[in-house]
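**Student:** below: sequence and its predicted model.
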Amino acid sequence: MTQRRRERERDQKKLAEDETKRTWTRVAKETQNLNQSKEEYNLLRDMLWEQELEEKQKKEEEEAILCKMELKENTLRQNLEQIEAKKEMLKNMEDEECHLVRQMLDKFRRDEEDEESRQRAIFDAKERFMAEAQSQRDQRKHMFKQEKQSEYQERHAGVEQEEYRQRVIAEARKRLLLGHAAQVQGFLPKGAIINEDE
């Protein structure tokens, strides 16, 4: 009885040990599988992290390239805008300069026309003055000539009248002397007959 019990206990103990071994074996295997899975998980995680990091770096590089391209495009656009603005400014300056030049030329033309008008007015006034002066000289000359002619006519008329009077007197004396020559001969005082004809 005791022998059986011992055998039974030994068998039970053996079974228990076998079960324990199997359990440890299973646990060891599960632990190994778990460790292997963890390593695989870590490896996969590392791979995913590296892939994410690579994609992130690639994305950052692409974004940097896009940023550079955008910056380059903005710079180019700003340069073009500045060039267009400078062209517009130069065009406005040229237009303003042309406008000022036209204004100056118009002013010079108006000044020249005004000067020509002024010179023409001075010339016309001078011509009128000279014409009036000449007219006045001609009038004075004509008046002087008329006065001289009048004086000459008056003087000549007086001389003619005097000569006529003297001729009449001489003729009368001559007739008187001829008519009474015989009676008065020897009685006339010296110097009474002035005219030799008488």
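**Tutor:** Arrived safely, thanks for sending.
**Student:** who does the host helix or strand of residue 79 touch, helix- and strand-wise?
**Tutor:** Using DSSP states H and E, the element containing residue 79 is helix 2-184. If you count contacts as 3 or more CB pairs under 8 Å, 6 or more residues apart in numbering; DSSP states H and E, helix 2-184 packs onto no helix or strand. All C-beta atoms are positioned from the backbone trio N, CA, C, and that covers glycine.
**Student:** distance from the chain centre to that helix, please.
**Tutor:** Taking CA atoms, centre = their mean, to the nearest Å, one finds helix 2-184 lying 8 Å from the centre of the chain it belongs to.
**Student:** what mean pLDDT does it have?
**Tutor:** The predicted model assigns helix 2-184 a mean pLDDT of 82.
**Student:** tell me the contacts of residue 112?
**Tutor:** By CB atoms under 8 Å, 6 or more residues apart in numbering, the contact list for residue 112 is empty.
**Student:** adjust the sequence numbering to begin at 6 for everything that follows.
**Tutor:** All right, first residue 6 from here; so that's residue 117.
**Student:** could you measure it against residue 123, distance?
**Tutor:** Applying CB to CB, to the nearest Å, the value for residue 117 to residue 123 is 11 Å.
**Student:** same question for residue 139.
**Tutor:** For residue 139, the distance to residue 123 under the criterion CB to CB works out to 24 Å.
**Student:** just residue 140 next, same as before
**Tutor:** For residue 140, the distance to residue 123 equals 25 Å [CB to CB].
**Student:** same thing with residue 97?
**Tutor:** For residue 97, the distance to residue 123 under the criterion CB to CB works out to 38 Å.
**Student:** just residue 78 next, same as before
**Tutor:** In this structure, residue 78 and residue 123 are 65 Å apart, going by CB to CB.
**Student:** equivalent analysis for residue 84, please.
**Tutor:** Between residue 84 and residue 123 the distance, using CB to CB, works out to 57 Å.
**Student:** if anything else comes up later, I'll come back, but that's it for now.
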